[in-house]
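> can't give you the sequence, but here's the structure:
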């Protein structure tokens, strides 16, 4: 029984605590919200009072400044008995420079009786009024004409002089009052003539200041008025926008003598306008009232929603707190069980992560290929033991700028240092994928040098960090084996071609010994001819297959080279080899950029492309070939253009594959391996090769090679190097590939077209 009561007390504790927390939270939230609302209302009232008082004072000061300048202009004109346009223009200059808010044109207005209109018109024209023309209203005996008019705002439309202001009752009344009282008078609100053509929404009321011009003699003489209009809407808008920061609306109301109220100007801003203020001000002889209104939310700034946020937040927090108290008080065992479950899962996840990390570490330690990972700044994140052994370093350099000094990275020739920006990891950081990039590593840890092939990729974004990964493998033995295969292929080709040479030689001797005038020897001569042609095709096929095999595996010996002499030599050799009856070809070789290349392999590419241009020609057509080149950053692009039979679009993606020939080329000799060899050679230089239509008919083949620095000293050194190593290149060149002439024979200007 006692245990049941204890269990019941425990069960009741949770709800009681949660209800208590809920009540306390609701009371605190209500009090905080009420306090904030009261504070915000008081703050909005204070701000509204300040904005209203400031607007009243600004309107009072601005209208007084306006009236004062009009009075000053009238006083100045009173001292000039013969006021000319130049006098008025000079005297009204300060008004134009004063930047008066909402100012319309200022005018000098004179009274003229109906009988004196013509004489007065001529008189004022003589004083500089120009093409002044009075337009008297016949309904009035005395007319009020504006003889001089000057704009105070360049965007304000100009008012016409000569208008009879007696026909505008608000202005006429202000003029009459000013003349009678000898004081500046303000008119009732009215619509300017210039605004009457505007749409209803764009119109605004205006009013004028009329200052009488009386001479200062003992018996003053009345000369006229200085009249200037003020656009009420613009005036009130600028005042309230400046003072109220776009949060206060307002109405400017004029109180007439009979107590009636007339709206002078109005300006509205967004908001409910529940906060209202009103205050009088005196403008010349008129009493005005400024009525302002504002929205408490806008006046208090971005914190107007704070009470609502506090209320909502308080309710949410109170509910959450009550729920948490209830859960904590009644679900201790359940919470404990959940913690145990979550902890067990966390321990399992941690153990799995540790196991995977250990497995990855074991794989990285065991794998024979070198693996290097860098972050976005090129700092080494991971370098497995195989990479350190392969690269011959014990300490990883801190930044990419130190890689060259630490690792000793050279191009495959073993002499040219590889620039940092061309290293596979740096290229992978730039988003490029690199495959089979070969470099020579030579440093104190690898004094004999090791040839390394590197694959690099940008790091997968799922890793959560931008970086790059590279896999390196030692291909020194592979290249040595390929060199041995190349030598063996050369020996095999020689052994295969030797019996062919014997067969062809004996066939030639037999053909020469046969009498030409005996009919019975015709069949024998034809058979011998077929033997010779078959031997030639077999010899060409052996050369092509050998070149195709060794183009990928032969050592790549790149040097800086000017390809223009080599190209000229290939063109001359190809033209000399054309058969009898072939039309003399038209050819040209433009200036070509210097390249970093293997001369023997480049010669084979040029020989194949130029030979195709001269071979694949329609019967009876003149062969045409043009070789041009351009430099694009660190790459040189060379193009070989012809006017031959062309390549169909469907065959263009496959022309560089082995043994592929188009239907149009079926009538021409060839093995289908020439372009495949060209692609292997260009790709071994890390370049690209492609084909496209020649706009003038025919085909344009292009390929890219690394550009070499065009330095004169480098060129001279290159020529000396070629001369000294010509014998070595000749001895080690690919079978079937012709070696370049280190001193090419002079040709005519290659930039001109030959025929």
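Perfect, thanks for sending it. The structure presented is a predicted model; accordingly, all values stated were derived computationally and were not measured.

> show me where the stretch 1-150 of the chain has helices.
Residue ranges of the helices in the stretch 1-150 of the chain, as given by DSSP state H, counting those that start in this stretch, are 2-78, 85-91, 93-97, 117-124.

> sorry, that was for the stretch 451-600 of the chain
476-513, 522-553, 563-576, 599-615.

> Take these and lay them out in TSV including mean pLDDT and distance to residue 115.
Quick note: C-beta positions are derived from backbone N, CA and C, even for glycine. Shown next, in TSV, are these (pLDDT from 0 to 100; distance: least, Cβ to Cβ, whole Å):
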stretch	mean pLDDT	distance to residue 115
helix 476-513	73	121
helix 522-553	69	116
helix 563-576	91	103
helix 599-615	89	106
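
> Ok, which of those helices comes nearest residue 142?
For those, proximity to residue 142 was assessed by Cβ to Cβ; helix 563-576 is nearest, at 100.9 Å.

> buried sites along the closest one?
Residues of helix 563-576 classed as buried by neighbour count (16 or more other Cβ atoms under 10 Å): 563-571, 574-575.

> mind checking the SS state of residue 381?
When classified by DSSP: H, G, I helix; E, B strand; the rest coil, residue 381 comes out as strand.

> Contacts only, for it.
Contact analysis of residue 381 by Cβ atoms under 8 Å, 6 or more residues apart in numbering lists 373-375, 467.

> so who does residue 578 touch?
Going by Cβ under 8 Å, 6+ apart, residue 578 touches 585, 614, 623.

> Roughly how far does the closest residue to the first one other than its chain neighbours sit from residue 606?
What that stands for is residue 585. In space, residue 585 comes closest to residue 623 once its chain neighbours are excluded; the distance is 3.8 Å by Cβ to Cβ, 6 or more residues apart in numbering. According to Cβ to Cβ, to the nearest Å, residue 623 stands 16 Å off from residue 606.

> Check the burial of residue 385 by counting its neighbours.
13 (other Cβ atoms under 10 Å).

> What sits closest to it if chain neighbours are left out?
Here the residue nearest residue 385, using Cβ to Cβ, 6+ apart, is residue 365, at 5.8 Å.

> Please state the offset of whatever helix or strand that neighbour lives in from the chain centre?
Here residue 365, judged by DSSP states H and E, is contained in helix 332-366. Relative to its chain's centre, helix 332-366 lies at 46 Å (Cα atoms, centre = their mean, to the nearest Å).

> Where does the prediction get shaky in the stretch 601-750 of the chain?
Scanning the stretch 601-750 of the chain for pLDDT under 70 picks out 658-671, 709-750.

> just the helices in it please.
Ranges of helices in the stretch 601-750 of the chain, per DSSP H, counting those that start in this stretch, are 674-684, 712-732.

> Now intersect the contacts of residue 381 with the strands, please.
373-375, 467 (DSSP state E).

> With distance to residue 284 as added columns, please give the helices of the stretch 451-600 of the chain in TSV.
Shown next, in TSV, are those (distance: least, Cβ to Cβ, whole Å):
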stretch	distance to residue 284
helix 476-513	104
helix 522-553	102
helix 563-576	93
helix 599-615	96
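
> highest average neighbour count across these?
Sort these by mean neighbour count, taking mean count of other Cβ atoms under 10 Å, and helix 599-615 sits at the top with a mean of 23.

> Compute the number of surrounding residues for the residue nearest to residue 585.
Around residue 623 there are 22 residues (other Cβ under 10 Å).

> Touching, it and residue 612? I think so.
No - taking contacts as Cβ atoms under 8 Å, residue 623 lies outside contact range of residue 612: 10.5 Å.

> so what sits against both of these two?
642, 644.

> Now do the residue nearest to residue 385: how many residues are near it, please.
Neighbour tally, residue 365, other Cβ under 10 Å: 10.

> which residues touch the residue nearest to residue 528 when sequence neighbours are not counted?
Ranked by Cβ to Cβ, 6+ apart and with sequence neighbours excluded, the top spatial neighbour of residue 528 is residue 511, at 4.6 Å. Contact analysis of residue 511 by Cβ under 8 Å, 6+ apart lists 525, 528-529, 532.

> re the thing from before, highest average neighbour count across the helices of the stretch 1-150 of the chain?
The highest average neighbour count among those, using mean count of other Cβ under 10 Å, belongs to helix 85-91 at a mean of 17.

> list the helices and strands that one packs on?
Helices and strands touching helix 85-91, by 3 or more Cβ pairs under 8 Å, 6 or more residues apart in numbering; DSSP states H and E, are helix 2-78, strand 142-150.

> how about the strands of the stretch 201-350 of the chain, start to end?
205-214, 222-231, 248-255, 261-267, 275-283, 286-294 (DSSP state E, counting those that start in this stretch).

> Nearest to residue 25 among those would be which one?
Of all the strands of the stretch 201-350 of the chain, strand 275-283 sits nearest to residue 25, with 32.7 Å by Cβ to Cβ.

> Name every strand pairing with that closest one and say which way it goes.
strand 286-294 (antiparallel) (DSSP bridges).

> Go ahead and name everything in contact with the strand it pairs with.
Contacts for strand 286-294 (Cβ under 8 Å, 6+ apart): 44, 47-48, 51-52, 55-56, 59, 186, 240, 244, 247-255, 261, 264, 269, 271, 273-282.

> quick check: longest strand of this protein.
The longest strand of the chain (DSSP E) is strand 446-458.

> just checking, residue 307 touches residue 36?
Yes - with contact defined as Cβ under 8 Å, residue 307 counts as touching residue 36 (4.3 Å).
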